[in-house]
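K.L.:
One predicted model, sequence on top.
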Amino acid sequence: MNPIPISDPADPRIAAYRDIRERDLVGRQGAFIAEGEVVLAMLARAPRHRAASLLIDERRIDALAPLLAGFPADVPLYAARQAVLDAVAGFPLHRGILAHGIAAPPLDPAALLAEAPADAVVVLLSAIANHDNMGGIFRNAAAFGAHAVLIDAACCDPLYRKAIRVSVGTALTLPFARLSRGEDAVAMLKDAGFRVLSLSPAGAHDLHRVTRGGRTALILGAEGPGLDRGLMERTETVRIAMAAGVDSLNVATTSGIVLHHLTAGR
């Protein structure tokens, strides 16, 4: 990849990177911004999503040469001074590494479940609106070998820049599918042969007593409101034992504990 020098923050060739935070908030319509070396490495080997261009601090390009070689030769590599990068992004860009990515077409939830192996663990997220939590859950799901993540219509975007960064790029490599509004996720999971567990401080079963094996789905809801009562009535409710006086755990932390339990020994 031959670096293309950029000296003007208003250069139209890097328009996708301009005012990153503000544009992230309104959505990128099938595109995303990846930030940092670790995330860039994940994008290079992402099976479905692809890089449209790269924008990197000119001082870092030589050291990143082995990583950059993992991208197709026709992906533009733009090089700029730190001051130009900061002006383009709209804030100090300490990592000096950005990629403009194009998201793959959405996956079909039912098809994703149908192709799952016999011992698959799937995570279903309901109304997770915090990008840090979204990224943390994806990181845990990837770490413990989850087959996929399903997200309902009320969830935030896993391909939001901060969610990708917190996930250390696993949001780009772990398959996920978004459910349509009103779609019955529990019925879909059960039809695909999944045992369905829902997490709640008021759950009927202690996690350490939950048996492992077979297709298993884990449902997590937003902190505060938690999961819908009607949904929990149709699933096996599970709780994590905690010290007295503690209301609940952070949802990303919860995902790590439960996924470790469900996949231990696999």
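P.N.:
That came through fine. None of the values given here were measured: they were computed from a predicted structure.
K.L.:
Measure how buried Ile61 is and give me the count.
P.N.:
By the criterion of other C-beta atoms under 10 Å, Ile61 has 17 neighbours. In short, each C-beta sits where N, CA and C put it, glycine included.
K.L.:
for the stretch 1-150 of the chain, what spans make up the strands?
P.N.:
4-6, 31-35, 50-57, 77-80, 97-102, 121-126, 148-151 (DSSP state E, counting those that start in this stretch).
K.L.:
Pick the most deeply packed of these.
P.N.:
Mean neighbours per residue, mean count of other C-beta atoms under 10 Å, is largest over the strands of the stretch 1-150 of the chain for strand 121-126, with a mean of 26.
K.L.:
Show the backbone phi and psi for the residue nearest the centre of the chain.
P.N.:
For the chain, Ala171 is the residue whose C-alpha lies nearest the centre (C-alpha atoms, centre = their mean; 3.1 Å). Dihedral pair for Ala171: phi -60, psi -20, per degrees, to the nearest 10.
K.L.:
check contacts around the closest residue to Thr170 other than its chain neighbours.
P.N.:
Of all residues not flanking Thr170 in the chain, Ala142 sits nearest, at 3.7 Å (C-beta to C-beta, 6 or more residues apart in numbering). By C-beta atoms under 8 Å, 6 or more residues apart in numbering, the contact set of Ala142 is 167, 170, 173-174.
K.L.:
hmm, 7 Å instead?
P.N.:
170, 173-174 (C-beta atoms under 7 Å, 6 or more residues apart in numbering).
K.L.:
same thing with Arg45?
P.N.:
Counted by C-beta under 7 Å, 6+ apart, Arg45 has contacts Gly70.
K.L.:
got it, and Ala89?
P.N.:
Neighbouring residues of Ala89 by C-beta under 7 Å, 6+ apart: 17, 20.
K.L.:
Please report how far Met134 lies from Ala252.
P.N.:
Remark: distance between Met134 and Ala252 (C-beta to C-beta, to the nearest Å) = 8 Å.
K.L.:
These two - which one has more neighbours?
P.N.:
Between Met134 and Ala252, Met134 has the larger neighbour count (other C-beta under 10 Å), namely 28 against 21.
K.L.:
Just give the nearest non-adjacent residue to the more buried one, would you?
P.N.:
Nearest residue to Met134 in three dimensions, chain neighbours excluded: Ala163, at 4.5 Å (C-beta to C-beta, 6+ apart).
K.L.:
mind checking how far the one you found is from Gly136?
P.N.:
For Ala163 relative to Gly136 (C-beta to C-beta), the value is 9 Å.
K.L.:
okay, stretch 120-128 in PDB with CA atoms only?
P.N.:
Extracted C-alpha coordinates of stretch 120-128, given in PDB (Å, rounded to 0.1, in the frame of the first residue of the first chain):
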ATOM      1  CA  ALA A 120     -23.700 -23.600  20.600                       C
ATOM      2  CA  VAL A 121     -24.100 -20.700  23.100                       C
ATOM      3  CA  VAL A 122     -25.900 -17.700  21.700                       C
ATOM      4  CA  VAL A 123     -26.400 -14.300  23.400                       C
ATOM      5  CA  LEU A 124     -29.600 -12.300  23.000                       C
ATOM      6  CA  LEU A 125     -29.500  -8.700  24.000                       C
ATOM      7  CA  SER A 126     -32.600  -6.700  24.900                       C
ATOM      8  CA  ALA A 127     -32.600  -2.900  25.000                       C
ATOM      9  CA  ILE A 128     -28.800  -2.500  25.600                       C
END
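K.L.:
what's in contact with it?
P.N.:
Here stretch 120-128 makes contact (C-beta under 7 Å, 6+ apart) with 113, 116, 134, 137, 141, 146-152, 154-156, 185, 189, 194, 215-222, 227, 251, 255, 259, 262-263.
K.L.:
Buried subset of those residues, written for PyMOL?
P.N.:
Of the contacts of stretch 120-128, the buried ones go into a single PyMOL selection, burial set by 16 or more other C-beta atoms under 10 Å:
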select buried, resi 113+116+134+137+141+146+147+148+149+150+151+152+155+156+185+189+194+215+216+217+218+219+220+221+222+227+251+255+259+262+263
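K.L.:
From the contacts of stretch 120-128, which land in helices?
P.N.:
Within the contacts of stretch 120-128, residues falling in helices by DSSP state H are 113, 134, 137, 141, 185, 189, 251, 255, 259, 262-263.
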